[in-house]
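>>> Please find the sequence and the predicted model below.
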Amino acid sequence: MKVELLQCTPDFLQVIWCAARTCYSSLSPLELWRAEVSREEKLRLARQVINSGHLSVTEHCTMTFGVEGVSRTLLAQYSRHRIGVSLSVQSQRHVRAGDAGEGVFAHVVPPRIQGNPEAEDLFFTAMDGAQTYYDRLVALGIRKEDARFVLPGGAATNFVTSLNLRSLMDVYQKRVAIPGAQWEIKAMVQEMADLIVAREPWLAEYFSSEVRRD
């Protein structure tokens, strides 16, 4: 798995402060945006509105990630988070699985299978078989969009996803903070959060490491 931050709002605190103050100020958003305000004041107000649950102002902070080498199983889980989350996914209809008979399609191996010889044998046999049947179907003239039905949930994919800060906080709570999330999506969302915290360190308290370990 590889997760990279492609772009994001340049200054989260500035945007949150301006949005929050607009709600209660006689000044216009443009006047507030240009006002001389200390970072400490912006941070105080941002924490106040977030901690009070008024999260609409965080929706103005957006981010886009490139994600590589995750399973279709993860994609099915992640795509359930629809509010404030956008997805552009590598298509199995148009991108051939594997290398036309020269190799098995990219896939994700669960940690509990790695290092278990019997489990690995079963898993890789299944991957090889799926590739074989996929190639045979394509050779028969079956379109990739139909041949892909033999591919497993472990088949790897890539996607671009955009979220706003409120959405990331929500996904983090459901996939990292709350126990029970599957290891792969948990690792992806944690990496997303880590990348944002690296840009905006003040957000660390909302993506707490204390609740993320099994």
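Thanks, I have the structure now. Numbers count the residues shown, from 1 in each chain.

>>> domains for this structure, by residue range?
What automatic domain parsing lists as the domains of the chain is 2-88+156-211, 93-150.

>>> okay, these in CSV with mean neighbour count and mean pLDDT next?
Placement of C-beta: from N, CA and C, glycine included. Listed next are these as CSV, based on neighbours: other Cβ atoms under 10 Å; pLDDT from 0 to 100:
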stretch, mean neighbour count, mean pLDDT
domain 2-88+156-211, 16, 95
domain 93-150, 14, 93
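
>>> Return the residues in contact with the residue most central in space within the chain.
Geometric centre of the chain, nearest residue: Val189, 5.3 Å, by Cα atoms, centre = their mean. Val189 makes contacts with Leu168, Val171, Tyr172, Arg175, Val176, as judged by Cβ atoms under 8 Å, 6 or more residues apart in numbering.

>>> Name the nearest residue to it, sequence neighbours excluded.
Excluding the flanking residues, the one nearest Val189 by Cβ to Cβ, 6 or more residues apart in numbering is Arg175, at 4.6 Å.

>>> and the gap between the one you found and Met188?
Distance check for Arg175 against Met188: by Cβ to Cβ, to the nearest Å, it reads 8 Å.

>>> Which parts of this structure are helices?
Ranges of helices in the chain, per DSSP state H, are 12-22, 29-33, 39-51, 72-78, 117-139, 144-147, 165-172, 183-199.

>>> quick one, which of those is nearest to Met63?
Distance to Met63, taken as Cβ to Cβ, is lowest for helix 183-199 among the helices of the chain, at 6.2 Å.

>>> Now do that closest one against helix 12-22, angle only.
On the basis of axes from the mean of the first three to the mean of the last three Cα atoms, to 10 degrees, helix 183-199 is oriented at 80 degrees to helix 12-22.

>>> Could you verify my assumption that Glu68 touches Val89?
No - in this structure Glu68 lies outside contact range of Val89 using Cβ atoms under 8 Å: 12.0 Å.

>>> Common neighbours of the two, please.
Both Glu68 and Val89 are contacted by Asn158, under the criterion Cβ under 8 Å, 6+ apart.

>>> and the residue sitting furthest away from the middle of the chain, backbone torsions?
Farthest-out residue of the chain from its mean C-alpha position, per Cα atoms, centre = their mean: Ser26, at 38.3 Å. Ser26 has phi and psi values of phi -80, psi -10 when expressed as degrees, to the nearest 10.

>>> Would you mind measuring from it to Gln48?
20 Å.

>>> got it, and Ala126?
Taking Cβ to Cβ, one finds Ala126 at 53 Å from Gln48.

>>> same check, this time on Gly141
For Gly141, the distance to Gln48 - Cβ to Cβ - is 64 Å.

>>> do Met188 as well
31 Å.

>>> Report the contact partners of the residue farthest from the centre of the chain.
Contact criterion Cβ under 8 Å, 6+ apart gives no residues in contact with Ser26.

>>> and what of Pro111?
Contact partners of Pro111, counting by Cβ under 8 Å, 6+ apart, are Trp183.
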